[in-house]
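**Student:** Quick one: sequence and predicted model below, then my questions.
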Amino acid sequence: MSAHDHDLTQLDSRIVASAAEGCEESKLLLSRRAALGLSAGFFTWAFTPHLAEASSSDPRLLIVLLRGGMDGLNVAVPIGDPQYAKLRGRLALVKENLLPLNSYFYLHPSLAFFKTLYNAGQATIVHAVAPPMKNRSHFECQRNLENGTPGDKEDRTTGGWLNRLLSKLTPADRVKAGALQIGPTPLILQGTEKVLSWSPTLWPRPAGFDTSLLNLYKSTDSALYDLLLKGITANSLATSTSGPALSPDASSLQLSFRGAAKLLGAPSGAPRIAVLNVEGWDTHVGQPQALAANLNNLDKSLSDFTAIAKNSGYWNDTVVLCVTEFGRTAKGNSDNGTDHGVGTVAMLAGGAVKGGKVVANWPGLSNLYDGRDLRPTYDLRQVFKSVIRSHLGVQDKKILDEVVFPGSSLISALPELIRT
């Protein structure tokens, strides 16, 4: 296997059902990823990046791509906006059922663990944010989020901004080790730099399968033998039973978060950055149930990740960043759902997050984008730049403005997101 072999983590049945009820573009995206192949649950260790230089205090970063377009208006609810209840209609959430963030914004009740992190000053929300491209296409907005380009015209840039960042890391930067992809290969990590790959096992392997395969490769192909041995070792680490008890009905997302937490904490030092794909946020139909289920799944997964990171001693050096390609319409549709929108939220959690606040230059719901969507007042590249500069320690402005995010010299990092 190569460092970019495609795989597909097992999707939770609720997420698949949600995506299946979405728009045709969402269904096509899900089918396309499914066609990329099935995961054997092994870790593809095609190279060993700077292991000797890594330390337990290295910054860790987990980027979670919430694919499908998450409804930020019902994640961090602008209860204080007089237009909220009127616009949302039957989708409007009631203040008494929500978790207060401040006097204006309230949190969806399915994010109870995120709220405990928020109360502890270790989580924050950036509201009214979107990638540069605002045409409401899953294909193009996801691509724009991941390739980091201005998005003001058709773009032919190949590769992702995180891979370009990896190619520019130097010994002077805080983060030294490489990156890990969990599930299908995301565009954000495609490029010249090799990345590591792991995903939860899709099916149980028969007893003795690993040993038999190792013996076969040992006698026929030493390179494959070495790769498989490292893969089995890493997979054992990612799927170990250490950490909080795993419930029998744990979702694939929980397994992915747990595996990421264990691999990011590996004493060997690789990797220190991970990217995780999460399908199913396209809520055209029955949004209240679908959104609550997805947020509850995400919240449980974050709780597991946090417990493992704390137990491994690196939580205070960690940022988990959850982003999505666009938001949803301010008004609901006839199927008790919402259609593709623009402005949404980005969620940050971790001991390195300067949290306990909602970062918002609130545009108001009386000033909708194209008369239908939350108007974005922040560019997602501002959030990314803040994490790269303040958390990963990459200070070279020219690299950020011209290489990682080309044409972004006028887009400045958001201040006060990361503890320094």
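**Tutor:** Received it, and whenever you're ready, just let me know what you need.

**Student:** Mind listing what's buried along stretch 307-322?
**Tutor:** Buried positions in stretch 307-322, judged by neighbour count with 16 or more other Cβ atoms under 10 Å: Ile308, Ala309, Ser312, Tyr314, Trp315, Asp317, Thr318, Val319, Val320, Leu321, Cys322. The C-beta positions use only the backbone N, C-alpha and C, and glycine is treated the same way.

**Student:** and the fourth one, how far is that from Ser386?
**Tutor:** So the one you mean is Tyr314. 20 Å (Cβ to Cβ, to the nearest Å).

**Student:** Just to check, Leu66 is in contact with Phe326?
**Tutor:** No. In this structure, Leu66 is not within contact of Phe326 by Cβ atoms under 8 Å, at 10.7 Å.

**Student:** so Ala349 bridges to which residues?
**Tutor:** Beta-bridge pairing for Ala349 (DSSP bridges): Ala123, Val320.

**Student:** Count the neighbours of it for me.
**Tutor:** Ala349: 25 surrounding residues under other Cβ atoms under 10 Å.

**Student:** wait, what's in contact with it?
**Tutor:** The contact partners of Ala349, by Cβ atoms under 8 Å, 6 or more residues apart in numbering, come to Phe114, Leu117, Gln122, Ala123, Leu302, Thr306, Val319, Val320, Cys322, Gly355.

**Student:** Let me know the secondary structure of the residue of the chain most remote from its centre.
**Tutor:** Distance from the C-alpha centroid of the chain peaks at Ser219, with 40.5 Å (Cα atoms, centre = their mean). Counting by DSSP: H, G, I helix; E, B strand; the rest coil, the backbone at Ser219 sits in helix.

**Student:** same check, this time on Thr170
**Tutor:** coil.

**Student:** Next one: it from Arg60, what distance?
**Tutor:** The gap separating Thr170 from Arg60 is 19 Å, by Cβ to Cβ.

**Student:** Equivalent analysis for Ser242, please.
**Tutor:** Ser242 is 17 Å from Arg60, where distance means Cβ to Cβ.

**Student:** what about Arg375, neighbour count?
**Tutor:** 18.

**Student:** Thought Leu368 was touching it, still the case?
**Tutor:** Yes. Between Arg375 and Leu368 there is a contact under Cβ under 8 Å: 6.2 Å.

**Student:** Looking at Thr170 and Arg60, which one has more neighbours?
**Tutor:** Arg60 (28 against 9).

**Student:** Could you pull up the residues touching the residue lying closest to that one once chain neighbours are set aside?
**Tutor:** Nearest non-adjacent residue to Arg60, counting by Cβ to Cβ, 6 or more residues apart in numbering: Thr318, 4.4 Å away. Thr318 makes contact with Pro59, Arg60, Leu61, Leu62, Leu264, Ala309, Gly350, Gly351, Ala352, according to Cβ under 8 Å, 6+ apart.

**Student:** Go through these and single out the one with the most neighbours.
**Tutor:** Greatest neighbour count in the contacts of Thr318, by other Cβ under 10 Å, goes to Gly350: 30 neighbours.

**Student:** mind listing the helices in the stretch 251-400 of the chain by residue range?
**Tutor:** For the stretch 251-400 of the chain, the helices defined by DSSP state H, counting those that start in this stretch cover 252-264, 287-312, 380-386, 397-398.

**Student:** and of these, who's closest to Leu237?
**Tutor:** Leu237 lies closest to helix 252-264 among those, at 5.4 Å (Cβ to Cβ).

**Student:** Can you show me the CA trace of the closest one as PDB?
**Tutor:** In PDB, the C-alpha atoms belonging to helix 252-264 read as follows (Å, rounded to 0.1, in the frame of the first residue of the first chain):
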ATOM      1  CA  SER A 252     -17.500   4.300  14.000                       C
ATOM      2  CA  LEU A 253     -16.900   8.000  14.800                       C
ATOM      3  CA  GLN A 254     -16.200   7.200  18.400                       C
ATOM      4  CA  LEU A 255     -13.700   4.500  17.300                       C
ATOM      5  CA  SER A 256     -12.100   7.000  14.900                       C
ATOM      6  CA  PHE A 257     -11.700   9.700  17.600                       C
ATOM      7  CA  ARG A 258     -10.300   7.100  20.100                       C
ATOM      8  CA  GLY A 259      -7.800   5.800  17.500                       C
ATOM      9  CA  ALA A 260      -6.800   9.400  16.700                       C
ATOM     10  CA  ALA A 261      -6.200  10.200  20.400                       C
ATOM     11  CA  LYS A 262      -4.000   7.100  20.900                       C
ATOM     12  CA  LEU A 263      -2.000   7.600  17.800                       C
ATOM     13  CA  LEU A 264      -1.500  11.400  18.400                       C
END
